[in-house]
Structures are given as structure tokens and as C-alpha cells.
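Chemist: need a structure here:
(chains A and B)
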Amino acid sequence: GDSVTQMEGPVTLSEEAFLTINCTYTATGYPSLFWYVQYPGEGLQLLLKATKADDKGSNKGFEATYRKETTSFHLEKGSVQVSDSAVYFCALLYNQGGKLIFGQGTELSVKP
Amino acid sequence: GAGVSQTPSNKVTEKGKYVELRCDPISGHTALYWYRQSLGQGPEFLIYFQGTGAADDSGLPNDRFFAVRPEGSVSTLKIQRTERGDSAVYLCASSLGHSGANVLTFGAGSRLTVL
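Modeler: Model prediction:
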């Protein structure tokens, strides 16, 4: 079945370091891809999305490119801040339906 | 309202009891979703409504779980004969429609603990 796999956490970085969180998916069609973020004590929030191959989603300095050939949607940020500490979830959604399928989440901890 | 509201935020119950969790979606959002998130895991789909009807309930784990949305707005997730394995955070989300272009807005969740 359809699934999303993320790199395991926790990921610990120093402030201003470069971030990559890997995400790969298995799907039979052409889903939309998302990154959601869950800050401590808060609900899930959409970070960015891409709806077709080669699209790049971006927000708050984070970027991810929809790579159909490698079935990947890796999250990157050039310079992380302490305030980026959170759990990040990769997810896919088919256009015809409402079922988001999430990865297991990757916890990011940024130290000053 | 401005966001998706879920009540209660925390619920502690005993094994075998009945529980109801309520979700108040964003006004005007026709699609409503329930997810379950266990500790250290990603949210797991349970059911989604388009209007009053359940369009996809394939994620409900068994017949102890049931959800309704009688007027196409507020939804209630009902769990009968709770078990310790039901302990999780239950998340509700809503969106304008149900296509991939519509972004889901999540509530803060209801944390259920079954003793």
C-alpha cells in the first residue's frame, strides 16, 4: 500500500547549521506531497506543499522539491534557528480523496 | 470559528467505559477528518466526512469506533468499551473541500488515556 518513510530522529543541530530531513514515498499514482510541523505543545501546522513533479514548496526558509524519479520530498533549510525545534512530518494525499498518509515524524532539536 | 476546536483537550477514563470526543471545524469547511496519533508516531487516518456523510471510514480500527456529523459541521468520535490500546491523541482536521489542493487545518487534539 501507499506509505511514507522519513529519516529517524532525533536530529540535533547547532544554530545556523544546514538541515536535511529525508522523505521517500511509495504510491501507485501521483499524490500531492506535504510537510507538516508540530511545535511543542501545539497542533500540526502545514509547512509547505507540492502538488506535482518538479514543484518546489517553500516557506519560512524551508524548501522541498517533489522528485518523481526518486519518489522523494526531502526537507531542507540553509540555516536553522532554535525556534525551528519541532517534530516534522512528511505526508502524501491523493487528489481524489481526503486521506493524508503521514510518515512517522522526525524530531529536530536546534541548540544555541 | 478561527480554528478547529477539539474538546476535551484531555480525557482520562477507565477500561471498558464509553468516550465521546468533539470536533468543531472551521466555519464553511465541508470536509472533516479524524486521525489518531500514538506516542512517537505519525497521525493515522481514521475517517473523513464530506458534508454529513462518511466518505471514507476505512481507518476505523474496529466496530467500537464510530463517528457522526449530523448537520455537516460539528463531529463526534465515539469509542465504546475503551481499551488501554486506545490511548492516543485524537486529531481532527477540516478543509474547504477534499481534493489535494485543499489544505487540512488541524486542531490541537484530544489526549485520551485509558487506565
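
Chemist: Can you pull the poorly scored residue ranges out of the chain?
Modeler: Picking chain A for this. A:95-98 (pLDDT under 70).

Chemist: meant chain B, my bad for not saying
Modeler: Applying pLDDT under 70 to chain B flags residues B:1, B:98-101.

Chemist: Look up how far residue B:107 lies from the residue nearest the centre of it.
Modeler: In chain B, the residue lying closest to the centroid (CA atoms, centre = their mean) is residue B:34, at 3.2 Å. The gap separating residue B:34 from residue B:107 is 10 Å, by CB to CB, to the nearest Å. C-beta here means a position set from N, CA and C on the backbone, and glycine is covered the same way.

Chemist: got any residues that touch both of these two?
Modeler: Residues touching both residue B:34 and residue B:107 by CB atoms under 8 Å, 6 or more residues apart in numbering or on different chains: B:23, B:91, B:92.

Chemist: quick check, nearest of the residues you listed to residue A:75?
Modeler: Minimum distance to residue A:75 across the shared contacts of residue B:34 and residue B:107 is 20.9 Å, recorded for residue B:91 (CB to CB).

Chemist: sorry, back to before: now intersect the shared contacts of residue B:34 and residue B:107 with the strands, please.
Modeler: The strands, defined by DSSP state E, take in B:23, B:91, B:92 from the shared contacts of residue B:34 and residue B:107.

Chemist: could you redo the residues you listed as a markdown table and give each row neighbour count?
Modeler: A markdown table is the format used below for those (neighbours: other CB atoms under 10 Å in any protein chain shown):
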| residue | neighbour count |
| --- | --- |
| B:23 | 27 |
| B:91 | 25 |
| B:92 | 28 |
